[in-house]
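**Q** got a structure for you, letters missing:
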């Protein structure tokens, strides 16, 4: 039992170290690769929003009339008692159409084995909340997300949870199904390489 626990701890430590080294890479990105990754983020956002609108057509008006929105694609993994996720996305200011490319990282405690992909859509009704999100980033602690799960929106934002005043969030499967939000320990921040 001790041997098994030690192996799990070593594997988790290696995964965390690899994620940290990737995040600390300082080599400038070639222009062609930067453009490709920006285009991938735009295409992912377009597909995700189309899936959201197919499930909730009123969400299109909510996104269009908001101060801004952000869309992320995430792949998560679990190995025994630990897990994590890494993703990328784009935030768009509806007034200026300026894009801010972003990253996300998530720590997922709990039992399990496997990987899953999902998408996250934020809708910002408040310009200050949007600006804070793209300039300072945002962290979703387990307690904050547990509280947010009890506050669901209605009308055009049916299926979204209220993350904070004027900020709504949908979590979708890769197939576009709106699911209950399961983010814990997530951090969203500006991608220095793509902006």
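**A** Happy to help now that I have it. Keep in mind that what you see is a predicted model, and the values were worked out from it rather than measured.

**Q** please enumerate the strands of this structure.
**A** 68-80, 82-93, 99-107, 112-124, 138-140, 161-164, 167-173, 178-179, 186-190 (DSSP state E).

**Q** packing partners for the second one?
**A** Spelled out, that is strand 82-93. On a contact count with 3 or more CB pairs under 8 Å, 6 or more residues apart in numbering; DSSP states H and E, strand 82-93 meets helix 2-23, helix 31-55, strand 68-80, strand 99-107, strand 112-124, helix 127-136. Where C-beta positions appear, they are placed from N, C-alpha and C, glycine not excepted.

**Q** the shortest one - what's its average pLDDT?
**A** The one in question is strand 99-107. Averaged over strand 99-107, pLDDT sits at 89.

**Q** pLDDT weak spots in this protein?
**A** 1-27, 75-84, 107-116, 141-156, 176, 178-185 (pLDDT under 70).

**Q** ok, the closest residue to residue 175 other than its chain neighbours to residue 170 distance?
**A** Excluding its sequence neighbours, the residue lying closest to residue 175 (CB to CB, 6 or more residues apart in numbering) is residue 51, at 7.5 Å. As for residue 51, its distance to residue 170 is 10 Å (criterion: CB to CB, to the nearest Å).

**Q** so between those two, which is more surrounded?
**A** residue 170 (26 against 20; other CB atoms under 10 Å).

**Q** residues in contact with that one?
**A** Residues in contact with residue 170, defined by CB atoms under 8 Å, 6 or more residues apart in numbering, are 52, 59, 120, 121, 123, 159, 160, 178.

**Q** could you do residue 94 as well?
**A** Residues counted as contacts of residue 94 (CB under 8 Å, 6+ apart) are 64, 65, 66, 67, 68, 69.

**Q** quick check: the residue nearest to residue 175 touching residue 121?
**A** No - counting by CB atoms under 8 Å, residue 51 does not reach residue 121; the two are 9.4 Å apart.

**Q** so for stretch 53-63, what gets flagged as buried?
**A** 56, 59, 62, 63 (16 or more other CB atoms under 10 Å).

**Q** what about the residues you listed, which are in helices?
**A** Among these, the members found in helices (DSSP state H) are 59, 62, 63.

**Q** perfect, that will be all.
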